[in-house]
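Enquirer: Just to be clear, the model below is a prediction. Sequence and coordinates:
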Amino acid sequence: MSAAESYLELGLRLGRHVDGLVDSYYGPPELKEQVDSEELVAPAQLVEDASALRDSLDDGYLRDLVHGCWTYARVLAGEEMSYSDEVEGSYGVRPERTPDAMFEQIHAELDALLPGTGPLDERRRAWRDRHLCPGDKAVAVLEDLLPLLRARTGELVALPDGERAALEPVTDEPWWAFNYYLGNLSSRVVLNTDLPTTGLDLIHLACHEVYPGHHTEGALKEQLLARDQGRLEETIALVPTPAAVLSEGIAEVGGDVVLDDASREEAYAIIRRHGVELADPELGAKISAQIDRLRTVGLNAALMIFEDGVSHDDAREYVQRWTLNTPEQAAQTVRFVTDPTWRAYTITYSAGRKLCSAYVGDDPARFRRLLTEQVRVSELV
């Protein structure tokens, strides 16, 4: 068995312990059938297997992936480990707290941007509510945005023939949206319609999940790496590995790379045709940029819960205060950062965006490299 096949086996065995840990798999079906039919392998044994596999590998991309699995297996086996060590071991990036003073500064920026008077959280919600897209309409808007985004992405990188993404609504999930990469150059993209979504949110979501984000990365790497180069490790995506940092970073910065002013105007026109208000996109973009800077509130909350022993209720109040969201939305954030599958994952969004944005800069060729090659987190740090 090759090292890549051993990695697939390790990942599939870990995935049998925690639902959702295997984000996608389109590798050899016989290997999955074997793992599914065998007795559950104890976490302690998976720790040993991961350690042995890691130690057999040269320093490189695959070793990074295995190290993430080894870290997660240790957590699964009940080993005492700080939350920061768990995050760093899985993703290659150590979590840092954002000072509350930074959130105060962002609130001051929002105070100057948001129209109206009164408490900042009420004005923020009023602005969002004014621009909400009803859940039953959101998927239709996304469907109409995708051809534009696909065309813009295709100008940057040649997309594989036959790639496709299907969209559908879901409810009662800990996340906002999700891309299930299915292999065979296809994705199933779902939107959690429980959460409020604006027209500008939908542009970001379409970029993040489909073009030029997760679906595009999945299809390109399946074609160029798995099919053309035989790199089997690409046929599985596991939540607790450094590849997730790159993937979320690609998805977060992709819209900024492929959309210029003219194509953004086209996207705005599509949204308006669906009857969704988009009165001042320039102001909305400035507000959204500040709101995005509040995403590290969730990481702070996770550190407070797991390292400071703060209660879920106190963490929810903290999230609500700084994100200016409703109690329900704050509870959703706490649900995500305490979910067994996703608790360490929250760092991937902020760290991925920061690292990939700094790496790409104003050079689209660098973004193309992230989409088409195996890039290590250590190359970006």
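Expert: Structure received.

Enquirer: Tell me where the stretch 151-300 of the chain has helices.
Expert: Along the stretch 151-300 of the chain, counting by DSSP state H, counting those that start in this stretch, helices occupy 199-209, 214-221, 228-229, 243-258, 261-273, 281-292, 296-308.

Enquirer: the domain parsing of the chain - what is it?
Expert: Annotated domains of the chain cover 3-91, 100-380 [automatic domain parsing].

Enquirer: contacting residues around L46?
Expert: L46 makes contacts with L10, R13, L14, C69, A73, L76, A77, as judged by CB atoms under 8 Å, 6 or more residues apart in numbering. For the C-beta atoms, the positions are set from N, CA and C on the backbone; glycine is no exception.

Enquirer: Which of those residues sits closest to K221?
Expert: If you rank these by distance to K221 using CB to CB, C69 comes first, at 18.8 Å.

Enquirer: For that closest one, list the residues it contacts.
Expert: Y7, L10, G11, L14, L46, A50, L238, P240, T241.

Enquirer: 7 Å - rerun?
Expert: L10, G11, L14, A50, L238, P240, T241 (CB atoms under 7 Å, 6 or more residues apart in numbering).

Enquirer: So for the last one, what pLDDT did the model give?
Expert: Looking at T241, its pLDDT reads 98.

Enquirer: Surely it and G68 touch.
Expert: Yes: with contacts counted by CB atoms under 7 Å, T241 reaches G68, the gap being 3.7 Å.

Enquirer: and G199, how many residues sit next to it?
Expert: Other residues lying near G199 total 23 when counted by other CB atoms under 10 Å.

Enquirer: Could you report the neighbour count for the nearest residue to it once chain neighbours are set aside?
Expert: Excluding its sequence neighbours, the residue lying closest to G199 (CB to CB, 6 or more residues apart in numbering) is I271, at 4.0 Å. Neighbourhood size, I271 [other CB under 10 Å]: 22.

Enquirer: Let me see the contact set for the closest residue to S82 other than its chain neighbours.
Expert: Leaving aside its sequence neighbours, S82 sits nearest to E307 (CB to CB, 6+ apart; 6.3 Å). E307 is in contact with S82, Y83, S84, counting by CB under 7 Å, 6+ apart.

Enquirer: Mind checking which of those land in helices?
Expert: Counted as lying in helices by DSSP state H, out of the contacts of E307, are Y83, S84.

Enquirer: Now the buried members of the contacts of E307.
Expert: Buried by 16 or more other CB atoms under 10 Å: Y83, S84, out of these.

Enquirer: Please report how far the residue nearest the centre of the chain lies from S357.
Expert: Centroid check for the chain by CA atoms, centre = their mean gives E248 as the closest residue, at 4.1 Å. Distance from E248 to S357, counting by CB to CB, to the nearest Å: 12 Å.

Enquirer: so where's the stretch 251-381 of the chain uncertain?
Expert: By pLDDT under 70, the stretch 251-381 of the chain has no low-scoring segment.

Enquirer: Please enumerate the strands of this protein.
Expert: According to DSSP state E, the chain carries its strands in the segments 22-25, 164-170, 177-183, 186-192, 236-238.

Enquirer: Out of these, indicate the one that is most buried.
Expert: strand 236-238 (a mean of 25; mean count of other CB atoms under 10 Å).

Enquirer: How far does that strand sit from its chain's centre?
Expert: 13 Å (CA atoms, centre = their mean, to the nearest Å).

Enquirer: on contacts alone, who are the packing partners of that strand?
Expert: The contact analysis (3 or more CB pairs under 7 Å, 6 or more residues apart in numbering; DSSP states H and E) places strand 236-238 against helix 3-15, strand 22-25.

Enquirer: Need the ones you listed in TSV (columns: mean pLDDT and distance to L120).
Expert: TSV is the format used below for the helices and strands packed on strand 236-238 (pLDDT from 0 to 100; distance: least, CB to CB, whole Å):
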stretch	mean pLDDT	distance to L120
helix 3-15	98	43
strand 22-25	95	36
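
Enquirer: Quick check: which of these has the most neighbours on average?
Expert: helix 3-15 comes out most buried of those by mean count of other CB under 10 Å, with a mean of 22.

Enquirer: L21 and M304, how far apart?
Expert: Taking CB to CB, one finds L21 at 25 Å from M304.

Enquirer: er, P115 actually
Expert: P115 is 33 Å from M304, where distance means CB to CB.

Enquirer: So which of the two has more stuff around it?
Expert: M304 (19 against 11).

Enquirer: Please name the residues that touch the more buried one.
Expert: V310, A315, Y318.

Enquirer: tell me the contacts of H107?
Expert: So H107 contacts L120 (CB under 7 Å, 6+ apart).

Enquirer: Test for you: state the pLDDT assigned to it.
Expert: At H107, pLDDT is 98.

Enquirer: Name the nearest of the contacts of M304 relative to Q105.
Expert: Y318 (17.1 Å).

Enquirer: Pull out the CA atoms of stretch 263-279 and give them to me as PDB.
Expert: Provided in PDB are the C-alpha atoms of stretch 263-279 (Å, rounded to 0.1, in the frame of the first residue of the first chain):
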ATOM      1  CA  SER A 263     -18.700  42.400 -13.200                       C
ATOM      2  CA  ARG A 264     -19.800  43.500  -9.700                       C
ATOM      3  CA  GLU A 265     -22.300  45.800 -11.400                       C
ATOM      4  CA  GLU A 266     -23.600  42.800 -13.400                       C
ATOM      5  CA  ALA A 267     -24.000  40.900 -10.100                       C
ATOM      6  CA  TYR A 268     -25.900  43.800  -8.500                       C
ATOM      7  CA  ALA A 269     -28.300  43.900 -11.500                       C
ATOM      8  CA  ILE A 270     -29.000  40.200 -11.200                       C
ATOM      9  CA  ILE A 271     -29.800  40.600  -7.500                       C
ATOM     10  CA  ARG A 272     -32.100  43.500  -8.200                       C
ATOM     11  CA  ARG A 273     -34.000  41.600 -10.800                       C
ATOM     12  CA  HIS A 274     -35.000  39.200  -8.100                       C
ATOM     13  CA  GLY A 275     -36.600  42.100  -6.100                       C
ATOM     14  CA  VAL A 276     -33.900  42.100  -3.500                       C
ATOM     15  CA  GLU A 277     -33.000  45.600  -2.300                       C
ATOM     16  CA  LEU A 278     -29.500  46.800  -3.000                       C
ATOM     17  CA  ALA A 279     -29.800  50.500  -2.600                       C
END
